[in-house]
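Visitor: What follows is a protein structure lacking sequence information:
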């Protein structure tokens with residue numbers, strides 16, 4: 001591990017009792033530093049891969065969707081919709097007892113679609129209400145600023 005060293009010169013050195021402990025300490029510290037560097041490099045690589053994982057998963061899902069987009073008329077199916085909702089059943093023990101989960105989901109597809117459509121509609125109405133409130137506040141601020149500006153111009157003209 002340490003390689004080829006010439007130990008004979010250590011015996012003739014003036015501080016030969018101090019050389020061996022320093023030699024061993026430096027080699028030990030060097031091994032620790034290199035090990036920490038290796039751990040840091042591996043940790044950085046792992047965190048970089050974790051950061052890209054979500055994007056890669058979504059990219060694969062979009063790729064699958066694009067492969068099967070010709071199976072149904074997307075223009076009529078998604079007309080007026082802003083979002084595509086990806087829903088999947090949770091993995092619980094209740095579903096383990098149900099042998100035909102796909103049939104159960106197919107039966108409830110209409111109800112699920114209505115439920116998600118109503119929730120998306122509620123969110124869109126709530127967002128529209130928030131936008132209207134913000135626009136009203138912006139209008140009030142603009143009106144107040146215009147009044148202040150007009151008043152300051154009038155004060156300037158009166159002083160002149």
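Guide: Now that the structure is in, tell me what you want to look at. Treat the numbers as computed from the prediction; the structure is a model and nothing was measured.

Visitor: so what pLDDT did residue 5 get?
Guide: At residue 5, the predicted lDDT confidence score is 70.

Visitor: Can you tell me how far it is from residue 41?
Guide: 28 Å (CB to CB, to the nearest Å). For the C-beta atoms, the positions are set from N, CA and C on the backbone; glycine is no exception.

Visitor: could you pull out the helices for the protein?
Guide: 8-12, 16-67, 74-77, 93-97, 101-107, 109-159 (DSSP state H).

Visitor: And the shortest one, what does it pack against?
Guide: With contacts taken as 3 or more CB pairs under 8 Å, 6 or more residues apart in numbering; DSSP states H and E, helix 74-77 sits against no other helix or strand.

Visitor: So what's the model's average confidence on that helix?
Guide: So the average pLDDT for helix 74-77 ends up being 74.

Visitor: Return the set of buried residues in that helix.
Guide: By neighbour count with 16 or more other CB atoms under 10 Å, helix 74-77 contains no buried residues.

Visitor: Pull the residues that contact it.
Guide: Outside helix 74-77, not one residue touches it by CB atoms under 8 Å, 6 or more residues apart in numbering.

Visitor: mind checking how far that helix is from the chain centre?
Guide: Centre-to-centre, helix 74-77 and its host chain are 30 Å apart (CA atoms, centre = their mean, to the nearest Å).

Visitor: Can you get me a residue count around residue 19?
Guide: Using other CB atoms under 10 Å, residue 19 has 15 neighbouring residues.

Visitor: and it, what is it in contact with?
Guide: Contact partners of residue 19, counting by CB under 8 Å, 6+ apart, are 10, 13.

Visitor: okay, it: pLDDT?
Guide: pLDDT for residue 19: 79.

Visitor: okay, now the domains of this protein?
Guide: 1-71, 73-160 (automatic domain parsing).

Visitor: In the protein, where is pLDDT below threshold?
Guide: Within the chain, the set of residues satisfying pLDDT under 70 comprises 1-3, 84-99, 101-102, 160.

Visitor: can we see that at 90?
Guide: Counting by pLDDT under 90, the ranges of the chain that qualify are 1-24, 27, 47-121, 123-124, 149-160.

Visitor: out of the helices of the chain, nearest to residue 83?
Guide: Comparing the helices of the chain by their distance to residue 83 (CB to CB), the top pick is helix 109-159, with 5.9 Å.
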